[in-house]
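Peer 1: Structure of the sequence below:
(one chain, ligands or ions: 1)
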Amino acid sequence: MTATVMDGKGLSGSIRAIVKGEVERLEGFAKPSLATVLVGSDEASDLYVSLKHRACQEVGIRSMDYRFPDGTPEGRVIEKIEELNRDDGVHGILVQLPLPASMGVHRVMERIRPEKDVDGLNPRNLGLTMYQEHGMLPCTPAGILTLLSHYSVDLRGKHAVIINRSPDVGKPLTMLLLNRDATVTVCHSKTIGINGHASSADILVSAVGCRPDFIVGEGMVKTGAVVIDAGTNRIGGRVYGDVDFERVVHKASYITPVPGGVGPMTVAMLLRNTLVAASIQARVGLSDLFTYAPA
Ligand code: NAP
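Peer 2: From the prediction side, this is the model:
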């Protein structure tokens, strides 16, 4: 068996083209805009923020880049968020994670106006998923759902195993998969018998990022499973996922590559959320091409 490789890069390109068309259609009513806030000097975060600005530029979304040095007090970051909340020219606000350990992520996220929360991490937007409602969906889980939907992966009654319990990936994805009638097991660093859980999954999602200490090998994958690799590991100037792709591709039915799988879908969802935020705030409808729900 050789799995179908899920082309996140290609699908994200199609989504970006639709977003670009909608941004042009909005011209004269609103110019969608995104403000990013980055605290500290983490190299990977710096790269992610730059990629997000480049993506905005490509589809005609205006973007503003606010950076604070290490040691900036939490109150100063919140002041900036409040200022961006009040600014009618800003439709989306993204605070890049991780924040320095001294800051309370939830205290910062809850200050972003829910309508401008294009990363979907304000407690209100996260909480709405519990009620099967859509606020802004977090970008990585939304990207994963969109990929699964694009490849017509049936979720109903299936056993999904997620290796990650973070508030931006594993926890919201758990809720979104449950809402689509999957049965979900969540694993983390303290889980006992993780291989047994993983190898019983019809849909296996890994987002750990600790390679080589943690690798999803073929023994952790059930024959015919759908394998979604959201892990990002930089080793020797190259990017790898969590999954041993070369071996698992011969056991799974579908698999995402790294790079070119979940990563570009995450960025595409950010662009989409920013467009939706602008259309809601400017009270201009989007065309039928553009549906908010990812699946
Ligand atoms: P995080 O908060 O550090 O989460 C990592 C998760 O992995 C935690 O739940 C952790 O468990 C678990 N874990 C760590 N070591 C483990 C082990 N040996 N066995 C099982 N579970 C283990 O980070 P994050 O922000 O969610 O990101 C996780 C990974 O996804 C990173 O590689 C990140 O770069 C990547 N990511 C990619 C995208 C994308 O667009 N492709 C987006 C977001 C994140 P504990 O909770 O017990 O610590």
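
Peer 1: Spell out which parts of the stretch 151-295 of the chain neighbour the ligand.
Peer 2: The stretch 151-295 of the chain has residues 163-166, 168-170, 187-190, 194, 207-210, 214, 230-232, 262-263, 266 near the ligand, with proximity defined as C-beta under 6 Å from any ligand atom. The way it works is simple: take the backbone N, C-alpha and C, and place the C-beta from them, glycine included.

Peer 1: Tell me which helix or strand the residue in the stretch 151-295 of the chain that the ligand sits nearest to sits in.
Peer 2: Using C-beta to the nearest ligand atom, G209 is the residue of the stretch 151-295 of the chain that sits closest to the ligand, at 2.1 Å. G209 belongs to no helix or strand when elements are defined using DSSP states H and E.

Peer 1: gap between the residue nearest to it when sequence neighbours are not counted and I215?
Peer 2: Excluding its sequence neighbours, the residue lying closest to G209 (C-beta to C-beta, 6 or more residues apart in numbering) is G231, at 4.8 Å. Per C-beta to C-beta, to the nearest Å, G231 is found 9 Å from I215.

Peer 1: likewise P123?
Peer 2: 34 Å.

Peer 1: who's more crowded, the two?
Peer 2: Each of P123 and I215 has its neighbours counted (other C-beta atoms under 10 Å); I215 has more, 19 against 13.

Peer 1: With L177 as the reference, measure out to the residue sitting nearest the centre point of the chain.
Peer 2: Centroid check for the chain by C-alpha atoms, centre = their mean gives T140 as the closest residue, at 1.5 Å. According to C-beta to C-beta, T140 and L177 sit 13 Å apart.

Peer 1: and what of R67?
Peer 2: 35 Å.

Peer 1: Compare the two (neighbour count), which wins?
Peer 2: L177 (22 against 14).

Peer 1: backbone phi and psi for the more buried one, please?
Peer 2: phi -70, psi -40 (degrees, to the nearest 10).

Peer 1: what ranges do the strands span in the stretch 151-295 of the chain?
Peer 2: 159-163, 183-187, 203-206, 226-229, 233-235, 238-240, 254-255 (DSSP state E, counting those that start in this stretch).

Peer 1: Now render the ones you listed as JSON lines, adding mean pLDDT and mean neighbour count.
Peer 2: Listed next are these as JSON lines, based on pLDDT from 0 to 100; neighbours: other C-beta atoms under 10 Å:
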{"stretch": "strand 159-163", "mean pLDDT": "99", "mean neighbour count": "24"}
{"stretch": "strand 183-187", "mean pLDDT": "98", "mean neighbour count": "19"}
{"stretch": "strand 203-206", "mean pLDDT": "98", "mean neighbour count": "28"}
{"stretch": "strand 226-229", "mean pLDDT": "99", "mean neighbour count": "28"}
{"stretch": "strand 233-235", "mean pLDDT": "94", "mean neighbour count": "13"}
{"stretch": "strand 238-240", "mean pLDDT": "95", "mean neighbour count": "14"}
{"stretch": "strand 254-255", "mean pLDDT": "98", "mean neighbour count": "23"}
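
Peer 1: Rebuild these as a markdown table, extending it with distance to E22.
Peer 2: Shown next, in a markdown table, are the strands of the stretch 151-295 of the chain (distance: least, C-beta to C-beta, whole Å):
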| stretch | distance to E22 |
| --- | --- |
| strand 159-163 | 31 |
| strand 183-187 | 33 |
| strand 203-206 | 29 |
| strand 226-229 | 27 |
| strand 233-235 | 34 |
| strand 238-240 | 30 |
| strand 254-255 | 29 |
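
Peer 1: Of those, give the one that comes closest to L147.
Peer 2: strand 226-229 (7.2 Å; C-beta to C-beta).
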